[in-house]
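>>> Please find the sequence and the predicted model below.
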Amino acid sequence: MLMGFGAAVIATFVLGMLVTRLLSGGGLAAMSLQAIAASWGNVGYMGVPLCIAAFGEQGLPPAMLTVIVTAIVSMVFGVMLIELEVAAGRGPVRTFLRAAFNVARNPLPLSIALGIAYSGLGLPLPTPIEKWIELLGAAAAPCALFAIGLFLSDKSVKTGLAEASAMTVIKLLVQPALAFLILPFFVDLNSVAGQVALMMAALPTAANAFVLARQFDTSVEQNSATILLSTAFSVVTVSALLVWLRVT
């Protein structure tokens, strides 16, 4: 499942870069940021609760695996490409090392790496720390939704609407279609893992796309519009997919 879902994410990432290049002729940073918008679904705040509601507790392990795959492919690979343009002009070796250093100290991949390492050690969490983390986790989703609304209210979605529309189509339609074609080579689509992966591929763009665009001050309006459009239209597309999955 990891390989099949990862292949679908990589394919949409590359497609997002190519479409951005054709539509706006943007550089590597702009192409990468909009590719992130086209490939990074809202698998954490929206996907995990949806999987639990649709598939029960057995849907949680594959859901968390798709979160890790999405973050590693879209975030680490995407940020690396962005940093390569930012650090350009210092020679190939220095450019690569500087880009790798900036990716390593970015809090998103760093938190993923620390989480995987701690999980691999199998160490128990002290109860006070566990309860504190649970409280933070419960507050994360509503705070993220409020932050997204605040960000979007301050940005115009008219700028770069063509790119945003293209990324929305890729995210909501092309990525699940690719997942439907690729996943059967790796996992049974009638299994919980296969259905979770297919549903996760159909989710709208995550707010992380805006956060990264804001951080690098590139494609901010385009990514904001993509989040808005994909989230709005996902009400129809994701609902239709859930109905289809339960019917089949």
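Perfect, I can see it now.
>>> Can you give me the distance of the most centrally placed residue in the chain to L125?
Centroid-nearest residue in the chain, with Cα atoms, centre = their mean: W40, separated by 2.1 Å. Taking Cβ to Cβ, to the nearest Å as the measure, W40 falls 28 Å from L125. Backbone N, C-alpha and C define where each C-beta goes, glycine included.
>>> how many other residues sit next to W132?
12 (other Cβ atoms under 10 Å).
>>> whoops, A104 was the one
A104 has 11 neighbouring residues, counting by other Cβ under 10 Å.
>>> For V76, which three-state class applies?
Following DSSP: H, G, I helix; E, B strand; the rest coil, V76 is assigned to helix.
>>> count of residues packed around it?
17.
>>> per-residue confidence for it?
At V76, the model reports a pLDDT of 75.
>>> for M46, same thing?
We have a pLDDT of 82 for M46.
>>> OK, contacts around it?
The contact partners of M46, by Cβ atoms under 8 Å, 6 or more residues apart in numbering, come to L203, P204.
>>> how close does it get to T205?
10 Å.
>>> contacting residues around the residue nearest to the residue nearest to the centre of the chain when sequence neighbours are not counted?
For W40, ignoring the flanking residues on the chain, the nearest one in space by Cβ to Cβ, 6 or more residues apart in numbering is S74 at 3.9 Å. Applying Cβ under 8 Å, 6+ apart to S74 gives the contacts V9, F13, A35, I36, S39, W40.
>>> ok, 6 Å please
The contact partners of S74, by Cβ atoms under 6 Å, 6 or more residues apart in numbering, come to I36, S39, W40.
>>> Just the ones of these in helices?
I36, S39 (DSSP state H).
>>> With distance to I116 and pLDDT added, can I get the contacts of S74 in JSON lines?
Shown next, in JSON lines, are the contacts of S74 (distance: Cβ to Cβ, whole Å; pLDDT from 0 to 100):
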{"residue": "I36", "distance to I116": "21", "pLDDT": "89"}
{"residue": "S39", "distance to I116": "21", "pLDDT": "89"}
{"residue": "W40", "distance to I116": "18", "pLDDT": "87"}
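>>> Pick the one among the contacts of S74 closest to M80.
Nearest to M80, judged by Cβ to Cβ, of the contacts of S74 is I36 at 11.5 Å.
>>> In contact with the closest one, which residues are there?
S74, G78, A209.
>>> my guess is the second one contacts L33, does it?
No: shown here, G78 and L33 do not form a contact pair, counting by Cβ atoms under 6 Å, at 7.2 Å.
>>> residue boundaries of the strands in the protein?
Counting by DSSP state E, the chain has no strands to list.
>>> Going along the chain, name the helices of it.
Applying DSSP H to the chain gives helices spanning 2-24, 28-39, 48-55, 60-70, 78-86, 92-104, 107-121, 127-153, 161-169, 175-182, 192-201, 208-216, 220-247.
>>> which residues sit against the first one?
Counting by Cβ under 6 Å, 6+ apart, the neighbours of helix 2-24 from elsewhere in the structure are 26, 31, 34-35, 38-39, 65-66, 69-70, 73, 162-163, 166, 170, 175, 178-179, 182-183, 186-187, 197, 201.
>>> What is the neighbour count of the nearest residue to V196 once chain neighbours are set aside?
Nearest non-adjacent residue to V196, counting by Cβ to Cβ, 6+ apart: P62, 4.3 Å away. Look at P62: counted by other Cβ under 10 Å, it has 24 neighbours.
>>> so P62 makes contact with G194?
No: using Cβ under 6 Å, P62 is not in contact with G194; the gap is 8.5 Å.
>>> Now for F146, how many residues are close by?
Counted with other Cβ under 10 Å, F146 comes out at 10.
>>> Local confidence estimate at it?
Confidence score, pLDDT, at F146: 76.
>>> Repeat that for T95.
What the model reports as pLDDT for T95 is 67.
>>> measure E85 to S24 for me?
Counting by Cβ to Cβ - E85 and S24 are separated by 15 Å.
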